[in-house]
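Trainee: no sequence on this one, just coordinates:
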Ligand code: MG
Ligand code: MG
């Protein structure tokens, strides 16, 4: 059952989402050659606790860390380790927190130094597909409309759209109804309702859509070992329209990037 949230609950969710956004912004400055994902994980845990929140992934389904760190061919759910990042890597950092009983959960794929042009393009298109999906998250639409938008766009670019892992409703639980696949058919699936809150998160592969899981029981990686990208936002359905709860602006500030990509999903009166 889809759980609609009150205005007050949506504001609490925004607070949780923004702690994740700030955590990712802090990490943006630290992601560089020679740094280990375990080190970044420790920084994130400290940062989250300093903000009087709790890491949302740590211990969830027995996950051992604060961040899911998935470099290169890893799609999602990679476990932080002591292998240093190297020039040319990409790394999806997925972060969750709990504050006031509500979860925030979003992700960004970072570049380490100079990356291959085709990988750069994969990141760009995957992030664009996230916004295409978010645009369809509105009253009158259904789950399939979001998935359709993401799938069509990514497949048009020749990419593989991961099927086995999906976005999800988000709230007092990390995974609520409905599942939000990154593929689908127009007008199919559950109907969106006012006040619902979701995590939309395309996982897009440069090559085949097929994946494997490592024997650690967590890490998902591409079958052909080509790179995979992952971007995730938390979105509420407010006044019939998608409103972003999370933001990449702290990442962009840290990296000196100018972007207006989120403007259309902001409450007009809100000054962030
Ligand atoms: Mg996530
Ligand atoms: Mg998620």
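Mentor: Received, thanks. Quantities reported herein were computed from a predicted structural model and do not represent experimental measurements. Ligands and ions are numbered 1, 2, ... in the order given.
Trainee: within range of ligand 1, give me the residues from the chain.
Mentor: By the criterion of C-beta under 5 Å from the ion, the positions of the chain lying close to ligand 1 are 94, 105, 107, 232. C-beta here means a position set from N, CA and C on the backbone, and glycine is covered the same way.
Trainee: and the third one, that's in a strand?
Mentor: Yes. Counting by DSSP: H, G, I helix; E, B strand; the rest coil, residue 107 falls inside a strand.
Trainee: looking at this protein, which helix is longest?
Mentor: Of all the segments assigned as helix in the chain under DSSP state H, the longest by residue count is helix 7-28.
Trainee: distance from the chain centre to that helix, please.
Mentor: Centroid displacement of helix 7-28 relative to its chain, using C-alpha atoms, centre = their mean, to the nearest Å, is 13 Å.
Trainee: check the residue most central in space within the chain and give its pLDDT.
Mentor: Nearest to the centroid of the C-alpha atoms of the chain, with distances taken as C-alpha atoms, centre = their mean, sits residue 232, at 2.0 Å. Reading off the per-residue confidence, residue 232 sits at a pLDDT of 98.
Trainee: list the buried residues in the longest helix of the chain.
Mentor: When burial is assessed from 16 or more other C-beta atoms under 10 Å, helix 7-28 yields the following buried residues: 9-10, 12-28.
Trainee: who are the packing partners of it?
Mentor: In terms of contacts (3 or more C-beta pairs under 8 Å, 6 or more residues apart in numbering; DSSP states H and E), helix 7-28 is packed against helix 37-50, strand 90-99, strand 102-111, strand 233-238, helix 249-255.
Trainee: is it fair to say residue 123 lies in a strand?
Mentor: No. Counting by three-state DSSP, residue 123 is located in no strand; its state is helix.
Trainee: tell me who's in contact with it.
Mentor: Going by C-beta atoms under 8 Å, 6 or more residues apart in numbering, residue 123 touches 90, 109, 111, 115, 229.
Trainee: try it again with 7 Å
Mentor: The neighbourhood of residue 123, defined by C-beta atoms under 7 Å, 6 or more residues apart in numbering, consists of 90, 109, 229.
Trainee: where's residue 130, which helix or strand?
Mentor: For residue 130, the element it lies in under DSSP states H and E is helix 117-135.
Trainee: distance between that helix and the chain's centre?
Mentor: In terms of C-alpha atoms, centre = their mean, the gap separating the centre of helix 117-135 from the centre of its chain is 12 Å.
Trainee: tell me the helix or strand right after it.
Mentor: Next element after helix 117-135 (DSSP H and E): helix 143-156.
Trainee: which strands or helices does that following helix pack on?
Mentor: Packed against helix 143-156, as judged by 3 or more C-beta pairs under 7 Å, 6 or more residues apart in numbering; DSSP states H and E, are the following elements: helix 117-135, strand 160-161, strand 176-180.
Trainee: what's the closest of those to ligand 2?
Mentor: Comparison of those against ligand 2 by C-beta to the ion identifies strand 176-180 as nearest, at 8.9 Å.
Trainee: all set, thanks.
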